[in-house]
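Peer 1: Take this sequence and fold it.
(2 chains)
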Protein chains: 2
Amino acid sequence: MATIKVYGHPFSPAARRVLVCLAEKDLDYENITIDFSTGQHKKEPLISINPFGQVLGFEDGDLKLFESRAITRYIAHAYADKGTPLISDDPKKMAIIGLWLEVESQKFDAAVQKLSYEILVKPMKRMAVDEGVIEQGQAELAAVLDVYETRLANSKYLGGEDFSLADLHHIPIIANLLNTKVKAVFESRPCVAPWAATLLARPSWKKATGA
Amino acid sequence: MATIKVYGHPFSPAARRVLVCLAEKDLDYENITIDFSTGQHKKEPLISINPFGQVLGFEDGDLKLFESRAITRYIAHAYADKGTPLISDDPKKMAIIGLWLEVESQKFDAAVQKLSYEILVKPMKRMAVDEGVIEQGQAELAAVLDVYETRLANSKYLGGEDFSLADLHHIPIIANLLNTKVKAVFESRPCVAPWAATLLARPSWKKATGA
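Peer 2: From the prediction side, this is the model:
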């Protein structure tokens, strides 16, 4: 019986980040779809798990969590001996993984948040798109990916020679952006492009998205 | 001889976050002041440590890191047996600390970034302040602190009954904001107010700021 429950919307990058992690760890779970159009995320049981009223919640027995990156860190540590190792026991190796986890959260995600809204969410809602915001977002993303390019010229993955949680956190957003014209920002960089392709080719991504 | 080096500006909240952490851990370190007005952060040795050209770098022997939150996580894990325990060995207890670490990074910091710039940096640079931005920032911070208030009504600290890295990460920004009119947003909340006061009373904060 699955004791792990994920409450989320199937298209949410945050929910997908958690589902990819569970797939890498070969863990069973129950996936409860939350329909935010009817305000389910502001009601029980989710509002008791996520006090910010956002569409993501996680339970493992009596443990209740929100924030996708906190959930994946928990999974990676609590189930360290299952599936793909996503972290390291060695403090210095873990420090490098942790560094790139922070870079994703503080730099990559910051650069793509407005961009994703403009290029993905607005067209879906039939709202007018601001090309200036897209231009600026692409420039910010390009600056971040220049740093990634240098890193990936010297290291197979961001956190080191092995795939880690630091790479995993990028997968849902990269998958979305590669379906837009922003893919040029990835594909024009000779080390970033194959890295992104490798991430999206992982069976865990197919499993998490039901592809 | 100190093998730990911190490169940063003494007034930078990110540098202070690292210095408070080192003080809690009773670790010796060398603090190298970086003067960003002369572009020192775009030059060696810092540019080899921090490829984003920002004013924070960290070395522990051959390990080079940037991103304050990655540095403090490394210190907390690598020196787990020294000074104040800032993390937990228990995966579920650590998950709760990790959750509030993410809330600080994703919610609290996001709410205060524009606000800090408007209310602290602009006056220092003799730039005109936009009261509308301050109003909006205060409203966003208030929404985050409402969640903190509920949490702190049931738990002495954010991560549990003991002070942890999750509380520590807030200290430099709270210290800055309590010097402004934004302090009312903290002081009007009966559980948040004493929590904030307890954090600023820690000897590590005095040590980190030379107060």
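Peer 1: check contacts around residue A:34.
Peer 2: A:7, A:8, A:9, A:40, A:41, A:46, A:55, A:57 (CB atoms under 8 Å, 6 or more residues apart in numbering or on different chains). Quick note: C-beta positions are derived from backbone N, CA and C, even for glycine.
Peer 1: Contacts for the lowest-mean-pLDDT helix or strand in chain A next, please.
Peer 2: Within chain A, no helix or strand scores below helix A:46-49, which has a mean of 87 by mean pLDDT, DSSP states H and E. Residues from elsewhere that reach helix A:46-49 (CB under 8 Å, 6+ apart): A:7, A:34, A:40, A:41, A:53, A:55, A:57, A:58, A:59, A:64, A:65, A:66.
Peer 1: that older thread, I'd like the contacts of residue A:34 as JSON lines, with distance to residue A:148, secondary structure and neighbour count appended.
Peer 2: Converted to JSON lines, the contacts of residue A:34 look like this (distance: CB to CB, whole Å; DSSP: H, G, I helix; E, B strand; the rest coil; neighbours: other CB atoms under 10 Å in any protein chain shown):
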{"residue": "A:7", "distance to residue A:148": "32", "secondary structure": "strand", "neighbour count": "23"}
{"residue": "A:8", "distance to residue A:148": "27", "secondary structure": "strand", "neighbour count": "27"}
{"residue": "A:9", "distance to residue A:148": "28", "secondary structure": "coil", "neighbour count": "18"}
{"residue": "A:40", "distance to residue A:148": "36", "secondary structure": "helix", "neighbour count": "18"}
{"residue": "A:41", "distance to residue A:148": "33", "secondary structure": "helix", "neighbour count": "21"}
{"residue": "A:46", "distance to residue A:148": "34", "secondary structure": "helix", "neighbour count": "21"}
{"residue": "A:55", "distance to residue A:148": "28", "secondary structure": "coil", "neighbour count": "20"}
{"residue": "A:57", "distance to residue A:148": "31", "secondary structure": "strand", "neighbour count": "24"}
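Peer 1: Run through the residues of chain A sitting next to chain B.
Peer 2: Listed as neighbours of chain B in chain A under the rule CB under 8 Å from any CB of the partner chain: A:51-52, A:63, A:65-67, A:69-70, A:73-74, A:77-78, A:91-92, A:94-96, A:98-99, A:101-103, A:105-107, A:147, A:150-151.
Peer 1: just to revisit the earlier point, so which of the contacts of residue A:34 comes closest to residue B:181?
Peer 2: Of all these, residue B:181 sits closest to residue A:41, with 33.3 Å by CB to CB.
Peer 1: how close does the nearest residue to the closest one once chain neighbours are set aside get to residue A:70?
Peer 2: Of all residues not flanking residue A:41 in the chain, residue A:55 sits nearest, at 4.5 Å (CB to CB, 6 or more residues apart in numbering or on different chains). Counting by CB to CB, to the nearest Å, the separation of residue A:55 from residue A:70 is 16 Å.
Peer 1: so where's chain A uncertain?
Peer 2: By pLDDT under 70, the low-scoring segments of chain A are A:1-2, A:211.
Peer 1: and which of the contacts of helix A:46-49 is nearest chain B?
Peer 2: residue A:65 (5.4 Å; CB to the nearest CB).
Peer 1: List the residues that contact the closest one.
Peer 2: Counted by CB under 8 Å, 6+ apart, residue A:65 has contacts A:49, A:57, A:58, A:59, A:71, A:74, B:95, B:96, B:99.
Peer 1: Could you find the closest non-adjacent residue to it?
Peer 2: Sequence neighbours aside, residue A:58 is the residue nearest to residue A:65 in space, at 4.5 Å (criterion: CB to CB, 6+ apart).
Peer 1: Isn't that neighbour up against residue A:6?
Peer 2: Yes - contact criterion CB atoms under 8 Å: residue A:58 and residue A:6 qualify, at 5.7 Å.
Peer 1: Now for those two: what residues contact both?
Peer 2: Residues touching both residue A:58 and residue A:6 by CB under 8 Å, 6+ apart: residue A:18.
Peer 1: Who has more neighbours out of the two?
Peer 2: Using other CB atoms under 10 Å in any protein chain shown as the criterion, residue A:58 and residue A:6 rank with residue A:58 on top: 28 against 22.
Peer 1: ok, residue A:5 touching residue A:27?
Peer 2: No - if you go by CB under 8 Å, residue A:5 and residue A:27 don't touch, sitting 11.6 Å apart.
Peer 1: just to revisit the earlier point, which positions in the least confident helix or strand of chain A come out as buried?
Peer 2: A:46, A:49 (16 or more other CB atoms under 10 Å in any protein chain shown).
Peer 1: One more: stretch A:138-154?
Peer 2: A:138, A:140, A:141, A:142, A:144, A:145, A:147, A:148, A:149, A:151, A:152.
Peer 1: Mind checking which of those residues land in helices?
Peer 2: Among the buried residues of stretch A:138-154, the members falling in helices (DSSP state H) are A:138, A:140, A:141, A:142, A:144, A:145, A:147, A:148, A:149, A:151, A:152.
Peer 1: List the residues that contact the third one.
Peer 2: By CB under 8 Å, 6+ apart, residue A:141 lies in contact with A:108, A:111, A:112, A:115, A:182, A:185.
Peer 1: Can you tell me the closest non-neighbouring residue to it?
Peer 2: Nearest residue to residue A:141, sequence neighbours excluded (CB to CB, 6+ apart): residue A:111, at 4.6 Å.
Peer 1: In contact with the one you found, which residues?
Peer 2: For residue A:111, the contacting residues are A:137, A:140, A:141, A:143, A:144, by CB under 8 Å, 6+ apart.
Peer 1: again with residue A:168
Peer 2: Residues near residue A:168 by CB under 8 Å, 6+ apart: A:17, A:20, A:21, A:24, A:72, A:86, A:199.
Peer 1: make it 7 Å
Peer 2: When contacts are counted by CB atoms under 7 Å, 6 or more residues apart in numbering or on different chains, residue A:168 touches A:20, A:21, A:24, A:72, A:86.
Peer 1: Give the closest residue to residue A:106 in space, chain neighbours not counted.
Peer 2: Leaving aside its chain neighbours, residue A:106 sits nearest to residue B:67 (6.2 Å; criterion: CB to CB, 6+ apart).
Peer 1: wait, I meant residue A:193
Peer 2: residue A:187 is the one closest to residue A:193 (CB to CB, 6+ apart), at 4.9 Å.
Peer 1: Kindly provide the distance from that neighbour to chain B.
Peer 2: 22 Å (CB to the nearest CB, to the nearest Å).
Peer 1: okay but that residue is in contact with residue A:195, surely?
Peer 2: No - using CB atoms under 7 Å, residue A:187 is not in contact with residue A:195; the gap is 11.4 Å.
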